[in-house]
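# Sequence first, predicted coordinates after that:
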Number of protein chains: 2
Amino acid sequence: MNLPPLIQSFVLHFGEMGSRWGINRTVGQIYALLYVSPRPLCADDIVEALGVSRSNVSMGLRELQTWNLVLLKHIPNDRRDHFTTPDDVWQILRVLAEERKKREVDPTLSVLRELLMQTPGSEEEKHAQARLAEMHGLIERLTTWYEDVKRLETERLAALLALGAKVTRLLEAKDKVVGLVRGRKEA
Amino acid sequence: MNLPPLIQSFVLHFGEMGSRWGINRTVGQIYALLYVSPRPLCADDIVEALGVSRSNVSMGLRELQTWNLVLLKHIPNDRRDHFTTPDDVWQILRVLAEERKKREVDPTLSVLRELLMQTPGSEEEKHAQARLAEMHGLIERLTTWYEDVKRLETERLAALLALGAKVTRLLEAKDKVVGLVRGRKEA
DNA sequence: CCGTGATTTCAGAATTTTCTGAAATCTATG
DNA sequence: CATAGATTTCAGAAAATTCTGAAATCACGG
C-alpha cells in the first residue's frame, strides 16, 4: 500500500472497523478508498493502491455492489469498469440503514412471527413466547418508525435530527392544545 | 443441544444472527437462551442446554458481561453464579445502542477528528479531507441526536416512535406559528 | 489454612473466513 | 468470428477465529 498518509490512515481505520461489522478488511478498505477518491477508480487502481490481489478486489467490489454502496461509472474510451461511492453522505446513510435492516432485522422478525404462531407445548415455552412477543413488539415499532422517517427528504430529516430531544417539547405543547380542545368540547 | 423446539429454533436463529454482527455463534446462543429463560441460569445449565464446552460458556458470559447484556444474580444457598438478561426490552435496546456506539462510532469519530486537524499535503489530500469532513458532520449530528433522545424516559420515547414521520406535521405547524409571529413583528 | 467445588486461563486443535493465482469466461472491436 | 483486454470463478493456501480440555486460580466453609 502506498498512499498519501492521511488517506492511508483513513483506509486502514475503515478496514479495521469493517471487521467489527460483518464486512471484511479488504471490503472496508476498498470502500474507504473510493469514498475519498476525487475520481472513479478501476479495479487495477485499487489493486495498486491497496496492494491486494486482483481477484480479491473483484470479490470486494462485488460485495459492495450487493450492498448498493458503490456505483459503476463508465469512463469514455475506456473499456474498464470504474467505481465510486454515492457522493451524498445522507444517501449513503439511507442505503446502509436499508441494507442492514434487510440483513439483520427482517429475518429475525420473520422467525419471531413464525415462532409466535406456534402453540406452546409447556409452561417453559409459554414463557419463552411471551418474551419473544416483547421482542417482536419492540422491533416492529422500531421498523415502522424507520419506514416512516426514511421517506422524509434529507432537509426535513436534518431538521428533525437538529431538533433532537426538543421534539418532546413540541409534543407537550400539542398535548396541551389537544387537552384544551377536548376540555372545551366536553364542557 | 436438547431444548423445547420453540426455544431451540430461537436460540439457533440468534446464534446465526450473532455471527452477522460482531459476536460469535455461541455468544448469541447464550444470550438467546438467557433471554427466554424463566429463571437465572448457571454456567453448567448453559453447557447442558447448548452442548458446548464449559470454558466456551465461561468466555461467552464474560463477553456478554462486557457488553452489559447479562446480569449476575445470586441464588440463596448456591455458590454458583447465575445469569439473566435485563428484562425490560427497552433497557436492552438502550444498552445495545450505547455499546455499539462506544465500539463502532466513537473510535471512527476520533480518527476523523484527528485526520481533520492535519494539514493536507496535496490536492488529493485536500479533497479527501473535505469528504472526511462531510462524514464527520453527519456522524456528529447523529450522535448528538442520539445523546439527546437516549435521556428520554421509555414512555416519551415510545410516544415519539409512535408518532413516526408525523412529527414533521408538528414541525410545519410550529414553523407556521413562528412565521406568523415574525410577520406580525416585522409589520 | 485446608479442602472442595466453582470459575478462569490458555495452548493448541478444529473450524471458518479470507485471500491468491491460475484458468475460464466475457465482451468489444477490427 | 478471432483476438486482446477486462473480469470472474474457484480450488486450495494462508490467516484469523472459535472452541476445547487440562491445569491453574479463586473463594468459601469448616
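Arrived safely, thanks for sending. Numbering: from 1, shown residues only, chains lettered A, B, ... in the order given.

# drop to CA atoms for contacts and neighbour counts, all remaining ones
Fine.

# which parts of chain A sit against DNA strand D?
With CA under 7 Å from any atom of the strand as the criterion, chain A meets DNA strand D at residues A:19, A:42-44, A:54-56, A:58-59, A:61-62, A:78-82.

# Backbone dihedrals for the residue found closest to residue A:38 once you drop the neighbours it is linked to in the chain, both of them.
Closest residue to residue A:38 apart from its sequence neighbours, by CA to CA, 6 or more residues apart in numbering or on different chains: residue B:127 at 6.5 Å. With angles defined as degrees, to the nearest 10, residue B:127 sits at phi -60, psi -40.

# re earlier: so which of the residues of chain A next to DNA strand D is the closest to residue A:108?
Comparing the residues of chain A next to DNA strand D against residue A:108 with CA to CA places residue A:19 closest, at 22.0 Å.

# Do the helix or strand harbouring the closest one and chain B come into contact?
Per DSSP states H and E: residue A:19 is located in helix A:5-20. Yes: Helix A:5-20 reaches chain B (CA under 8 Å from any CA of the partner chain) through A:6, A:7, A:10, A:13, A:17, A:19, A:20.

# From these, pick the one nearest chain B.
For the residues of helix A:5-20 next to chain B, the residue nearest chain B by CA to the nearest CA is residue A:20; the value is 5.5 Å.

# That closest one: what's its closest spatial neighbour, skipping adjacent residues?
Residue A:20's closest residue in space is residue B:22 (CA to CA, 6+ apart), at 5.5 Å.

# picking that back up, give me the distance between the residue nearest to residue A:38 and residue A:37.
Residue B:127 sits 8 Å away from residue A:37, taking CA to CA, to the nearest Å as the criterion.

# Please identify which of the two sits among more neighbours.
Neighbour count, other CA atoms under 10 Å in any protein chain shown: between residue B:127 and residue A:37, residue A:37 has more, with 18 against 15.

# Tell me which residues touch the more buried one, please.
Neighbour list for residue A:37: A:84, B:124, B:127, B:128 [criterion: CA atoms under 8 Å, 6 or more residues apart in numbering or on different chains].

# Look at it and report its pLDDT.
Listed pLDDT for residue A:37 reads 96.

# got it, and residue A:55?
As predicted, residue A:55 sits at a pLDDT of 96.

# Could you dump the residues of helix A:5-20 next to chain B into a markdown table and include distance to residue A:139?
Formatted as a markdown table, the residues of helix A:5-20 next to chain B follow (distance: CA to CA, whole Å):
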| residue | distance to residue A:139 |
| --- | --- |
| A:6 | 40 |
| A:7 | 38 |
| A:10 | 34 |
| A:13 | 31 |
| A:17 | 26 |
| A:19 | 25 |
| A:20 | 23 |
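
# Kindly indicate which of those lies nearest DNA strand D.
residue A:19 (6.9 Å; CA to the nearest atom of the strand).

# Please work out how many residues are found near the closest one.
For residue A:19, the neighbour count with other CA under 10 Å is 16.

# do residue A:117 as well
Residue A:117, neighbours per other CA under 10 Å, totals 9.

# In contact with it: list those residues for me.
Going by CA under 8 Å, 6+ apart, the list of residues near residue A:117 is empty.

# quick one: it and residue B:145, what's the gap?
According to CA to CA, residue A:117 stands 37 Å off from residue B:145.

# Go ahead and name everything in contact with the helix or strand of chain A with the lowest mean pLDDT.
The weakest-scoring helix or strand in chain A, judged by mean pLDDT, DSSP states H and E, is helix A:167-186 (a mean of 71). The contact list for helix A:167-186 (CA under 8 Å, 6+ apart) reads B:156, B:160, B:167, B:170.

# who wins for neighbours among those?
residue B:160 (20 neighbours).

# what's the host helix or strand of it packed up against?
Residue B:160 is part of helix B:154-163, with elements assigned from DSSP H and E. In terms of contacts (3 or more CA pairs under 8 Å, 6 or more residues apart in numbering or on different chains; DSSP states H and E), helix B:154-163 is packed against helix A:123-149.

# Summarise which helices and strands the helix it packs on is packed against.
Counting by 3+ CA pairs under 8 Å, 6+ apart, the packing neighbours recorded for helix A:123-149 are helix A:106-117, helix B:5-20, helix B:25-36, helix B:89-100, helix B:154-163.

# The longest one: which residues count as buried?
The neighbour-count criterion (16 or more other CA atoms under 10 Å in any protein chain shown) identifies B:6-8, B:10-20 as the buried residues of helix B:5-20.
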